[in-house]
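Novice: predicted model and sequence follow; I will ask about them next.
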Amino acid sequence: MGSDCHEPEEAPAHPVSVDAFAIDVTPVTNRRFASFVDTTGYVTVAERPLDPADFPGAPADNLEPGSMVFTPTPGPVDLRHLSQWWRWQPGASWRCPEGPGSSVVDRLDHPVVHVAHEDAAAYAAWAGAALPTEAQWEIAARGGLDGAAYTWGDELRPGGRIMANVWDGPDFPWRWTGESGWDRTSPVGSFPANGFGLRDMAGNVWEWTDDWWSERHPDPTGPCCAPRNPRGGEKAASHDRAQPQFRVPRKVVKGGSHLCADTYCRRYRPAARRPQAIDTGMSHIGFRCAWEAT
């Protein structure tokens, strides 16, 4: 797993070994998540009111339940500043992905979004499963293609074919060409499966794993000693060092999303990874479950 050819956090490429496991064919959908909520009465992080005592000095509007929603910009922007296309939307949740007035009624087969890590873990426990480790997720995403750049091979668009729901066109985050047919999430399974028959392992939504974030993979111990069932990172060291005042632990998310473009992000590859604060859901983050093989 990992790569020495792209982003520094993906290095070093190294062998790993995992016990046999099963994994969801697709990300968990709104339909499946609704069944969980209907059965258990679960309330997601995005739907819970915030305690003002935990956020002294915060404006009242920022204490309303809600989540982070992608909003296209009116024109080209400096891609170093994510706040230009991400906004806090009171009332946004898995039920109302764009906030009040939106709904998942016509998106029941799309991936559930606006789920924090604990929401995803709660669903997995209810389903008798767990969130995959980063190693499990990456092995599954590779589909048996050891070292390939993408889940389907080394060409982004083999024969011109669109293989995943990623941003269409070079003009992120303001102009989308519509070539894929979807401007946000797409129904799961809309694009070709990988070699293991798994869908949406690239694009559509980022997916939670259960590994704590680390800036790099651990250095391999040698060709004879592939780590078995590795678990990356440590909770205490996983927070954003650029924001030490918050110290919110972060987990690894994988797979890229419909907002990854060839000119921005480019993390729709099995080796790609990024950190995500465990208390924050967003409109492009979902998950799938894994099980120990029986």
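Specialist: Here it is on my side, so go on.
Novice: for the stretch 1-150 of the chain, which segments count as helices?
Specialist: Shown for the stretch 1-150 of the chain, the helices assigned by DSSP state H, counting those that start in this stretch span residues 30-40, 117-126, 134-142.
Novice: tilt between the longest one and helix 117-126?
Specialist: With axes from the mean of the first three to the mean of the last three Cα atoms, to 10 degrees as the criterion, the two stretches helix 30-40 and helix 117-126 enclose an angle of 80 degrees.
Novice: give the residue spans of the stretch 101-250 of the chain that score low on pLDDT.
Specialist: Filtered on pLDDT under 70, the stretch 101-250 of the chain yields the residue ranges 220-225.
Novice: take the helices of the stretch 1-150 of the chain and write them to CSV, including mean neighbour count and distance to residue 277.
Specialist: For glycine as for every other residue, the C-beta is placed from the backbone atoms N, C-alpha and C. CSV is the format used below for the helices of the stretch 1-150 of the chain (neighbours: other Cβ atoms under 10 Å; distance: least, Cβ to Cβ, whole Å):
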stretch, mean neighbour count, distance to residue 277
helix 30-40, 16, 20
helix 117-126, 20, 9
helix 134-142, 24, 17
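Novice: can you lay out the ones you listed as a markdown table showing distance to residue 64?
Specialist: A markdown table is the format used below for those (distance: least, Cβ to Cβ, whole Å):
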| stretch | distance to residue 64 |
| --- | --- |
| helix 30-40 | 20 |
| helix 117-126 | 18 |
| helix 134-142 | 33 |
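Novice: for residue 101, find the nearest of these.
Specialist: Closest of the helices of the stretch 1-150 of the chain to residue 101 is helix 30-40, at 16.7 Å (criterion: Cβ to Cβ).
Novice: hmm, who's touching that closest one?
Specialist: Contact partners of helix 30-40, identified using Cβ atoms under 8 Å, 6 or more residues apart in numbering, comprise 42, 94, 104, 107-112, 115, 122-123, 126-127.
Novice: report the buried residues of stretch 39-47.
Specialist: For stretch 39-47, the neighbour count (16 or more other Cβ atoms under 10 Å) marks 44, 45, 46, 47 as buried.
Novice: again with stretch 150-169
Specialist: So stretch 150-169, judged by 16+ other Cβ under 10 Å, has buried residues 150, 151, 152, 156, 162, 163, 164, 165, 166, 167, 168.
Novice: surely residue 91 meets residue 49?
Specialist: No: counting by Cβ atoms under 8 Å, residue 91 stays clear of residue 49, with 11.9 Å between them.
Novice: mutual contacts of the two, please.
Specialist: With Cβ under 8 Å, 6+ apart, residue 91 and residue 49 have common neighbours 64, 65.
Novice: what about the two, which has more around it?
Specialist: Neighbour comparison, residue 91 and residue 49: the larger count goes to residue 91, with 18 against 8 (by other Cβ atoms under 10 Å).
Novice: give me the pLDDT for that one.
Specialist: Among the per-residue scores, residue 91 shows a pLDDT of 96.
Novice: residue contacts, it?
Specialist: Residue 91 neighbours (Cβ under 8 Å, 6+ apart): 64, 65, 66, 99, 100.
Novice: at 10 Å instead, please
Specialist: 46, 47, 64, 65, 66, 67, 69, 98, 99, 100, 101, 102 (Cβ atoms under 10 Å, 6 or more residues apart in numbering).
Novice: now residue 193: closest residue in space, sequence neighbours ignored.
Specialist: residue 199 (5.3 Å; Cβ to Cβ, 6 or more residues apart in numbering).
Novice: so the one you found touches residue 163, yeah?
Specialist: No: applying Cβ atoms under 10 Å as the test, residue 199 and residue 163 come out as separate, 11.0 Å apart.
Novice: overlap in contacts of these two?
Specialist: 151, 191, 192.
Novice: tell me, how many residues neighbour the residue nearest to residue 193?
Specialist: 21.
Novice: could we number from 205 for the rest of this?
Specialist: Renumbered: residue one is now 205, and that last one reads residue 403.
Novice: what separates it from residue 323, distance-wise?
Specialist: 22 Å (Cβ to Cβ, to the nearest Å).
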